[in-house]
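> What shape does this take:
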Amino acid sequence: MTMAAERVTRYLSKPARRVLSGDIGGTNLRLAVVKQGVIERDIHVSMKEFSSAAELATRVALEISSLDLDGVKLGGIGFPCPIDGSGEPLFLPPNLTFGFNGFIKALTIASGLSIFGFNDARAAVMGEAMFGAGKSHDVVIWHGIGTGYGFAIVDGENEIFPSAAEGGHIKVVNPILDRSARECGCGARGCAEPYVSGTAMSKRYRELTGKDLDGKAVGEAFLAREKMAVKVVFEAMAHLAMAISTGHALTLNGIHVLGGGVAQIGEPLLDTLRMKLRTPGVVSWPEKNDLAKNVVLSELCDNAGLLGAAVLAEGSA
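Residues are numbered from 1 along each chain as shown. Below you'll find the predicted structure:
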């Protein structure tokens, strides 16, 4: 049995449990009740409505009261920031105006459930590895391209860098040698996030045209072959290729899965990325493999984080 098959079989052999699952992004919050990879019901809430962790915890407790929580005793929440050893979020997320200090404790008290916190990329890669495009692959590398950007890795049944999974802050431009390297919300320069994310594409499009389009609209303009949108997406995919080559250097095999809102541009985006990955000098040992063939679109799309957070919560209980 392969490691991938063992990973899935071991999970499905456990008694099925209903789990509260949450995915907090820079734009939206999603909550759902999940049972062995099936989302029974989900709720969407705009993150623009909140200005503090306390407000968010109060609203989450209210929203989950409308769900059928019969038999639900635990929950897993994905956060767009690193997580410490106790499951509490660390640092201020680059894409939000507030942090999550005390959120897990407040929600645990308000809901009466055992709540666990996870980095959102970590949750998404686990979801894709268990139920999506990675379920038949031993090594799965997730690249989430939405309001922000992050990647995480599962190798067999083991997560690599499980505490932080902040791949969005690896460097794709050297800020020491290139003083024009873009500033990231984390305070550094040259991180992947201000080059690859939907927010980054929106800002770059504004620089080139003076027009305001969000990441989704830039993607739509790219599909319509609008000149500046094509330039923006080509640049973003060139930088994403660098991040993917880093993931490849860490694993030397595996499937790279693109998810998040920007990835919903679909095959044209994937074709562009594959072209960049085939540029000489990008991939190590190119004569041994064609990394571009190992890059695919998510099968779970926005559901990857919800499903993965439920799996991780069950493993933490």
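
> any idea where the strands of the protein begin and end?
18-24, 28-35, 38-46, 74-79, 114-119, 139-145, 149-155, 158-160, 255-259, 295-297 (DSSP state E).

> any chance of those in CSV, plus mean neighbour count, mean pLDDT and distance to residue 223?
Glycine gets a C-beta too; all of them are placed from N, C-alpha and C. Below are the strands of the chain laid out as CSV (neighbours: other Cβ atoms under 10 Å; pLDDT from 0 to 100; distance: least, Cβ to Cβ, whole Å):
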stretch, mean neighbour count, mean pLDDT, distance to residue 223
strand 18-24, 27, 91, 26
strand 28-35, 21, 90, 22
strand 38-46, 13, 88, 24
strand 74-79, 27, 90, 29
strand 114-119, 25, 89, 31
strand 139-145, 30, 92, 16
strand 149-155, 27, 87, 20
strand 158-160, 16, 70, 34
strand 255-259, 26, 94, 16
strand 295-297, 18, 96, 15
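
> Find the least confident helix or strand in the protein, judged by mean pLDDT.
Least confident helix or strand, the chain: strand 158-160 with a mean of 70, by mean pLDDT, DSSP states H and E.

> those helices in the stretch 51-200 of the chain, which residues are they?
Listed in chain order, the helices of the stretch 51-200 of the chain (DSSP state H, counting those that start in this stretch) span residues 53-64, 103-111, 120-131, 193-196, 198-209.

> Return the most buried member of the ones you listed.
helix 120-131 (a mean of 30; mean count of other Cβ atoms under 10 Å).

> which other helices and strands contact it?
If you count contacts as 3 or more Cβ pairs under 8 Å, 6 or more residues apart in numbering; DSSP states H and E, helix 120-131 packs onto helix 3-12, strand 18-24, strand 74-79, strand 139-145, strand 149-155, strand 158-160, strand 255-259, helix 304-316.

> Look up how far residue 245 lies from the residue nearest to residue 208 when sequence neighbours are not counted.
Spatial nearest neighbour of residue 208, excluding adjacent residues (Cβ to Cβ, 6 or more residues apart in numbering): residue 228 at 4.8 Å. Residue 228 sits 26 Å away from residue 245, taking Cβ to Cβ, to the nearest Å as the criterion.

> what's the straight distance from one end of stretch 68-75 to the other?
13 Å (Cα to Cα, to the nearest Å).

> To clarify, my last question referred to stretch 180-192.
Stretch 180-192: ends 14 Å apart by Cα to Cα.

> before we move on, what about stretch 158-175?
Per Cα to Cα, the first residue of stretch 158-175 is 33 Å away from its last.

> One more: stretch 120-140?
Note: stretch 120-140 ends 15 Å apart using Cα to Cα.

> And for stretch 288-303?
So stretch 288-303: terminal residues 34 Å apart, Cα to Cα.

> buried residues in that stretch?
Neighbour-count burial for stretch 288-303 flags 291-292, 294-300, 302-303 (criterion: 16 or more other Cβ atoms under 10 Å).

> Format those as TSV; extra columns: distance to residue 66.
TSV is the format used below for those (distance: Cβ to Cβ, whole Å):
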residue	distance to residue 66
291	45
292	45
294	42
295	39
296	36
297	32
298	28
299	29
300	24
302	20
303	20
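
> For residue 91, state which of the residues you listed is nearest.
The nearest member of the buried residues of stretch 288-303 to residue 91, counting by Cβ to Cβ, is residue 302 at 24.2 Å.

> hang on, the earlier thing: I'd assumed residue 205 was in contact with the residue nearest to residue 208.
Yes: the pair residue 228 and residue 205 qualifies as a contact (Cβ atoms under 8 Å) at a distance of 6.3 Å.

> now residue 24: how far from residue 305?
Applying Cβ to Cβ to residue 24 and residue 305 gives a distance of 9 Å.
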